[in-house]
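Participant: predicted model follows, preceded by the sequence.
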Amino acid sequence: MVTSTGLKALRFAVSIGNVLAPALTARTAFRLFCTPPRSNALSDRETAMTRRAEKRLAAATQMDVPYRDGPRFDADGIDQTQGTANDQNLRSYIFDPQTVSDSTKTVVLVHGWTGRSSYMLSFASPLLAKGYRVVAVDLPAHGNSSARQLHLPKAVNAMSELHQRTGPWHSIIAHSFGGAVACTLVSGLIPVFAKVPLKRLVLIATPHSMQWIFHGFGRAVGLNRKTQTLFDELVVPLAGRPLEHFESADMLQEACVPTLLLHAPDDKEVPFSGAQAMAASSAKVTLQPMPGLGHRRILYAPDTIRAATEFVHTGKVRQHSSAAK
């Protein structure tokens with residue numbers, strides 16, 4: 001996290017860069033934007049739960065999936081990563097149910113920005129009890145995965161490789177930025193990656209728009225209109241698409257996957273109005289409000305876990321106590 005003093009210094013430097021070197025300022029800001037801190041503030045209760053979850057990872061089968069550090073599209077829209085080495089690794093943890101057969105279904109857990117696989121393990125036991133295989137993942141630049149930087153195309157790249165190793169997948173349960181990754185995976189929006197087919201998708205506190213995230217960051221660091229435009233355009237070589245195409249509602253409409261949105265109206269990081277727009281995008285998308293659970297507490301709430309597990313298993317959505325308040 002950037003301290004208030006650090007943010008003031010950054011905004012001052014950006015104000016000068018906006019005038020003297022907007023392209024360099026945009027590139028520098030983008031590197032900062034794509035560099036997640038390796039730590040995240042948690043409450044004492046969340047810290048204790050996370051430590052218990054990390055101990056559980058020792059019981060899982062660890063898998064490091066190599067992937068190329070891309071994509072990277074040239075001016076003709078051709079991905080130039082094809083000849084590069086598989087020099088990055090995605091760490092995943094595989095939990096098998098007591099009985100495994102050819103019909104065992106796989107559910108993938110995807111954390112959010114500054115998270116890690118252990119943050120999602122509250123969902124593992126209920127899913128294992130119903131006979132699912134559970135794959136929890138550390139996104140690039142998080143947990144025990146390699147890389148120092150992360151952006152959406154890199155996450156989709158790494159997750160596509162994981163799908164090749166562990167698919168087919170029945171469902172994904174994803175939080176925050178992980179939900180944006182999941183939407184992109186199931187929509188096939190990035191040209192070089194095929195759609196990942198699913199039976200169910202659960203999105204928890206997921207942002208509705210990457211443009212909204214980019215512009216929020218731009219306002220925070222003080223990018224002016226010209227530098228913001230240059231900043232936004234840096235997406236095209238990475239994704240093969242302009243930034244404005246990465247709207248969750250549009251991707252869910254394209255994916256046509258039964259989807260449950262779990263979102264707190266009091267979420268101060270990702271607006272509830274975005275979840276409402278996503279729910280309006282398709283008859284296959286259902287929004288279940290989770291009042292009072294904020295952006296992070298929602299991950300550990302029993303009602304969230306029950307709702308997600310039930311939807312994955314049956315496709316049904318029932319009102320739980322948090323939603324009924």
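Facilitator: Everything's here; your move. Numbers count the residues shown, from 1 in each chain.
Participant: just the pLDDT at the residue nearest to Ser15 when sequence neighbours are not counted, thanks.
Facilitator: Once flanking residues are discounted, Ser15 sits nearest to Gly222: 5.7 Å by C-beta to C-beta, 6 or more residues apart in numbering. The way it works is simple: take the backbone N, C-alpha and C, and place the C-beta from them, glycine included. Looking at Gly222, its pLDDT is 97.
Participant: backbone dihedrals for Gly222, please?
Facilitator: phi 90, psi 30 (degrees, to the nearest 10).
Participant: how near is it to Gln228?
Facilitator: Relative to Gln228, Gly222 is positioned 10 Å away (C-beta to C-beta, to the nearest Å).
Participant: what do you get for Gly112?
Facilitator: Distance of Gly112 to Gln228, given as C-beta to C-beta: 24 Å.
Participant: quick check: end-to-end length of stretch 236-248?
Facilitator: Chord length of stretch 236-248, first to last residue, is 18 Å (C-alpha to C-alpha, to the nearest Å).
Participant: so where is this protein shaky, pLDDT-wise?
Facilitator: Applying pLDDT under 70 to the chain picks out residues 1-4, 38-43, 45-46, 83, 319-325.
Participant: tell me which stretches of it form strands.
Facilitator: 61-67, 88-95, 106-110, 133-138, 171-175, 200-204, 259-263, 285-289 (DSSP state E).
Participant: OK, contacts around His208?
Facilitator: His208 is in contact with 247-249, 270-271, 273-275, 277-278, counting by C-beta atoms under 8 Å, 6 or more residues apart in numbering.
Participant: neighbour count added to the residues you listed, as JSON lines?
Facilitator: Below are those laid out as JSON lines (neighbours: other C-beta atoms under 10 Å):
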{"residue": "Glu247", "neighbour count": "22"}
{"residue": "Ser248", "neighbour count": "28"}
{"residue": "Ala249", "neighbour count": "20"}
{"residue": "Val270", "neighbour count": "22"}
{"residue": "Pro271", "neighbour count": "16"}
{"residue": "Ser273", "neighbour count": "11"}
{"residue": "Gly274", "neighbour count": "21"}
{"residue": "Ala275", "neighbour count": "29"}
{"residue": "Ala277", "neighbour count": "16"}
{"residue": "Met278", "neighbour count": "28"}
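Participant: just put the strands of the chain in a markdown table and tack on distance to Val186 and mean neighbour count.
Facilitator: Formatted as a markdown table, those follow (distance: least, C-beta to C-beta, whole Å; neighbours: other C-beta atoms under 10 Å):
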| stretch | distance to Val186 | mean neighbour count |
| --- | --- | --- |
| strand 61-67 | 19 | 15 |
| strand 88-95 | 18 | 22 |
| strand 106-110 | 11 | 26 |
| strand 133-138 | 16 | 25 |
| strand 171-175 | 8 | 28 |
| strand 200-204 | 6 | 27 |
| strand 259-263 | 9 | 28 |
| strand 285-289 | 12 | 20 |
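Participant: looking at the contacts of His208, which is nearest Gly77?
Facilitator: Proximity of the contacts of His208 to Gly77 (C-beta to C-beta) peaks at Glu247, which lies at 20.4 Å.
Participant: tell me the spacing between that closest one and Val156.
Facilitator: Distance from Glu247 to Val156, by C-beta to C-beta: 15 Å.
Participant: repeat for Asn224
Facilitator: For Asn224, the distance to Val156 - C-beta to C-beta - is 30 Å.
Participant: the two: who's more crowded?
Facilitator: The residue with more neighbours, out of Asn224 and Val156, is Val156; 25 against 15, by other C-beta atoms under 10 Å.
Participant: the residue nearest to that one when sequence neighbours are not counted: neighbour count?
Facilitator: Excluding its sequence neighbours, the residue lying closest to Val156 (C-beta to C-beta, 6+ apart) is Thr184, at 5.1 Å. Other residues lying near Thr184 total 28 when counted by other C-beta under 10 Å.
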